[in-house]
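J.: Sequence first, then the predicted structure:
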Amino acid sequence: MSVEISKFLSFVLRHDPASIGLHLDEQGWASVDELLAKAGASGRQLDRETLLNIVANSDKQRFTLSVDQTRIRAAQGHSVKVDLGLAPAVPPPRLFHGTADRFIDSILRDGLRAQSRQQVHLSHDEPTAIAVGSRHGRPVVLSVDASGMHRDGYAFYQADNGVWLTNAVPAQYLSRTP
Ligand code: HQG
């Protein structure tokens, strides 16, 4: 049940708020009251306590609440245009990207692209990257020379849940892990 609600929340807060008539501001925040009301109006019974529980227990901490708990947003993963307002951050020397083996030739030729999302998502460790890649097929992990990119002027951001974000990764900064 909570997985289903979490998927619903990811869908409306990342991809299609209009599907339930929800408004996101430029930084991706929705009013918690409005979310609860519009979820109910679209046939999903969701009360505040359940919502707060799902936010607190989300395995990847996918959702962020404002300090006063009146607003909520997805920490990352948006396809709708938002400016999360994250400050540029210095990345660790290496980051990882998990993908499926069928994408490798294209990625090593063209680099990592954000595809349908606003930014490329990078993991700080290989096990996380394997899990991300497994969503798409047989997982392959790419190592990203994050310090080289940073030195060359590419900006990195860290989402509220620790996921690293950058606009794109040119192929020369990528290598396949064994
Ligand atoms: C691939 C999940 C061919 C890219 C995860 C990926 C993450 C290319 C796919 C978050 C390519 C896009 C994001 C190129 C990139 N040619 N394929 N040039 N450049 N790709 O789902 O990173 O559970 O949009 O490798 O844990 O898999 O939803 O991105 O395979 O943190 O919270 O195009 O979503 O989090 O797929 O996942 P996605 P992602 P949640």
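T.: Alright, I've got the coordinates. Numbers count the residues shown, from 1 in each chain.

J.: List the contacts of stretch 55-66.
T.: 2, 6, 9-10, 13, 29, 32, 52, 54, 71-77, 160-163 (C-beta atoms under 8 Å, 6 or more residues apart in numbering). C-beta here means a position set from N, CA and C on the backbone, and glycine is covered the same way.

J.: filter the residues you listed to the buried ones?
T.: Among the contacts of stretch 55-66, those classed as buried by 16 or more other C-beta atoms under 10 Å are 6, 9-10, 13, 29, 32, 54, 71-77, 160, 163.

J.: The ligand next: which of the residues you listed are close?
T.: 10, 77, 163 (C-beta under 6 Å from any ligand atom).

J.: buried stuff in stretch 48-58?
T.: Using 16+ other C-beta under 10 Å as the test for burial, stretch 48-58 gives 51, 54-55, 58.

J.: meant to ask about stretch 9-26
T.: 9-10, 12-15, 17, 20, 22, 24.

J.: Identify those among these that sit within helices.
T.: 9-10 (DSSP state H).

J.: how about a markdown table for the buried residues of stretch 9-26, with pLDDT added?
T.: Formatted as a markdown table, the buried residues of stretch 9-26 follow (pLDDT from 0 to 100):
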| residue | pLDDT |
| --- | --- |
| L9 | 97 |
| S10 | 97 |
| V12 | 98 |
| L13 | 98 |
| R14 | 98 |
| H15 | 98 |
| P17 | 98 |
| I20 | 97 |
| L22 | 98 |
| L24 | 98 |
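
J.: so where do the helices sit in this protein?
T.: Ranges of helices in the chain, per DSSP H, are 2-10, 32-41, 48-57, 104-110, 126-134, 146-151.

J.: If anything else comes up later, I'll come back, but that's it for now.
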